[in-house]
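Trainee: what follows is a predicted structure for the sequence shown.
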Amino acid sequence: MRTCNVLISTFMLAAVRVLACPSCTDNFTANGPNAGVGESYSWSVLFLLGVPLSIVGVFTFFIVRRLRDAQ
């Protein structure tokens, strides 16, 4: 178990250094001319991850609620 925790911690800390490819990092920095594009990519990733999770969560909620009402 301890080995698993160490591996997970190592990968989480390493992920901070690998935020984007060099091209994206250079072109879409906060002060660069394409800063809005980089921020748009970030928001689109959040929405693409959030919408399916929300749909699955609502679907699961209604199924659990129906099962509890049936009992």
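Mentor: Nice, thanks for sending it over.

Trainee: just checking, next helix/strand downstream of the helix or strand of the chain with the lowest mean pLDDT?
Mentor: For the chain, scoring each helix and strand by mean pLDDT, DSSP states H and E identifies helix 22-27 as the least confident one, at a mean of 59. Using DSSP states H and E, the helix or strand that follows helix 22-27 in sequence is helix 35-70.

Trainee: average pLDDT for that following helix?
Mentor: Regarding helix 35-70, the rounded mean pLDDT is 87.

Trainee: now do that helix: which elements does it pack against?
Mentor: Packed against helix 35-70, as judged by 3 or more CB pairs under 8 Å, 6 or more residues apart in numbering; DSSP states H and E, are the following elements: helix 22-27. Bear in mind the C-beta positions are built from the backbone N, C-alpha and C, glycine included.

Trainee: how close does V37 get to R68?
Mentor: Going from V37 to R68 by CB to CB, to the nearest Å gives 47 Å.

Trainee: tell me which of these two has more neighbours.
Mentor: V37 (13 against 8; other CB atoms under 10 Å).

Trainee: quick check: that one vs V6, distance?
Mentor: 38 Å.

Trainee: check R68 too.
Mentor: Going from R68 to V6 by CB to CB gives 41 Å.

Trainee: repeat for L53
Mentor: Using CB to CB, one gets 28 Å for the distance from L53 to V6.

Trainee: check Q71 too.
Mentor: Computed as CB to CB, the Q71 to V6 distance reads 44 Å.

Trainee: higher neighbour count, the two?
Mentor: Per other CB under 10 Å, whichever of Q71 and V6 has more neighbours is V6, with 10 against 4.

Trainee: state the mean pLDDT of the helix or strand encompassing the more buried one.
Mentor: Under the criterion DSSP H and E, the helix or strand holding V6 is helix 2-17. Taken as a whole, helix 2-17 carries a mean pLDDT of 69.

Trainee: what's the spacing between F61 and L53?
Mentor: As for F61, its distance to L53 is 12 Å (criterion: CB to CB).

Trainee: lovely, talk soon.
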